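Visitor: Return a 3D structure for these sequence lines:
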Amino acid sequence: MNINKIALLRNSRGANIPDLLQFALDCERYGAEGITVHPRPDERHIRYTDVYALKEIVQTEFNIEGYPDEKFLQLVLEVKPDQCTLVPDPPGALTSDNGWDTIAQKEFLIATISKLKEAGIRVSLFINPDMDMIFHAKACGTDRIELYTGPYAHQYLSDKVSAILPHKKASAYAAELGLGLNAGHDLNLDNLAYFKQHTTNLLEVSIGHALVRDCLYYGLENTIPMYKQRLV
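Guide: Prediction:
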């Protein structure tokens, strides 16, 4: 469960409503198997202080994602989450909407991943379903890749067979290389089960925006089990 949108809602009023920490605990209580946060330089949703506080209470997997500038890496190395997902977002990006170029940025990624793994942190790289990018992700030393599923979600509405094909091939190739597979971006109750059924060895999905939207209709206690059922 990505809880960025809850932090955004809290920040809009300048108080602690909703209580981000309590929301994270409730997500776990209702079945979420991990909490994801994506602190950005402007702290428009998750604040750096939130990350330290969440580390103290999260009992499931704790995943911090973001662009690995100096400030972000210092945070991650101090908090030591279970997983760090590296994304290539520029500082002002609205959301993560493209994967790493693991060829052009190979040396930078090798150095960054090595530093994180030396601290005992599992690393995942945000990647488009492109065979060359996945091959070089392996060479960078990452433990997992997270497939960027935005285009899949968009095309699913008109042609789900074509939409899943790149991800089906990419997931099989990742398994062949020995890379763990995560996925995220615009996955929802409509398209999640199909994605799971047609990919190989999917270990984790990170969902925030759609799940928070569904909570408005179904409530948090009902929504999390609904998503988990799609992954059976």
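
Visitor: Pick out the residue nearest the middle of the chain.
Guide: residue 206 (4.4 Å; CA atoms, centre = their mean).

Visitor: So what pairs up with it in the strands?
Guide: residue 184 (DSSP bridges).

Visitor: Next up, the contacts around it.
Guide: 1-2, 34, 36, 63, 65, 85, 146, 182-184 (CB atoms under 8 Å, 6 or more residues apart in numbering). C-beta: built from backbone N, CA, C; applies to glycine.

Visitor: And these, which is closest to residue 232?
Guide: residue 183 (16.0 Å; CB to CB).

Visitor: pretty sure that closest one is touching residue 199, no?
Guide: Yes - using CB atoms under 8 Å, residue 183 makes contact with residue 199 at a distance of 7.3 Å.

Visitor: shared neighbours of these two, anything?
Guide: In contact with both residue 183 and residue 199: residue 167, using CB under 8 Å, 6+ apart.

Visitor: related to what we said a few turns ago, look up how far residue 116 lies from the residue nearest to the centre of the chain.
Guide: Between residue 206 and residue 116 the computed distance is 18 Å (CB to CB, to the nearest Å).

Visitor: Next: residue 97.
Guide: Distance from residue 97 to residue 116, by CB to CB: 23 Å.

Visitor: Which of the contacts of residue 206 sits closest to residue 192?
Guide: Closest to residue 192 out of the contacts of residue 206 is residue 183 (9.2 Å), distances taken as CB to CB.
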